[in-house]
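# 3D model of this:
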Amino acid sequence: MAKEKVCKKCKIFVDKNVCPLCKGNQFSTTWKGRINILDANKSDIADKIGINDKGNYALKVR
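Numbering: from 1, shown residues only. Model (predicted):
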C-alpha cells in the first residue's frame, strides 16, 4: 500500500499531483495526526488551526 501524501502548505491529503486548495505541488508522506473537517464554517477546531475548506487534514507535516 502506498503512503498517503499531504500538501506541505495546506496540510490536506491529496490523491493527484496538484493540491486542490493551493494548486501547489510540494508534498510529504511524513505526517502525524488526522482530522476530518465536515463544515469549516461551523467548526471551532477548523477556526483555531486556520482551515477554511472541508476535507481530511494532517495535524503535523514534515
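# pretty sure Lys48 is in a helix, no?
Yes. Counting by DSSP: H, G, I helix; E, B strand; the rest coil, Lys48 is found in a helix.
# Number of residues surrounding it?
Neighbour count for Lys48, taken as other CB atoms under 10 Å: 8. Using the backbone N, CA and C atoms, a C-beta is placed for each residue, glycine as well.
# cool, Asn17 as well?
For Asn17, using other CB under 10 Å, the count is 8.
# Over to it: give its phi and psi.
For Asn17, the backbone dihedrals (degrees, to the nearest 10) come out as phi -100, psi 10.
# My read is that it contacts Gln26, right?
No. At 10.9 Å, Asn17 does not count as touching Gln26 under the criterion of CB atoms under 8 Å.
# so Ala40 makes contact with Ile51?
Yes. At 5.5 Å, Ala40 counts as touching Ile51 under the criterion of CB under 8 Å.
# For those two, work out which one has more neighbours and name it.
Ranked by neighbour count (other CB under 10 Å), Ala40 and Ile51 place Ile51 first, with 19 against 15.
# Which residues are in contact with the more buried one?
Ile37, Ala40, Ser43, Tyr57 (CB atoms under 8 Å, 6 or more residues apart in numbering).
# do Cys22 as well
Cys7, Lys9, Cys10.
# that older thread, of all pairs in the contacts of Ile51, which one is the farthest apart?
Greatest spatial distance among these (CB to CB): Ser43 and Tyr57, at 11.1 Å.
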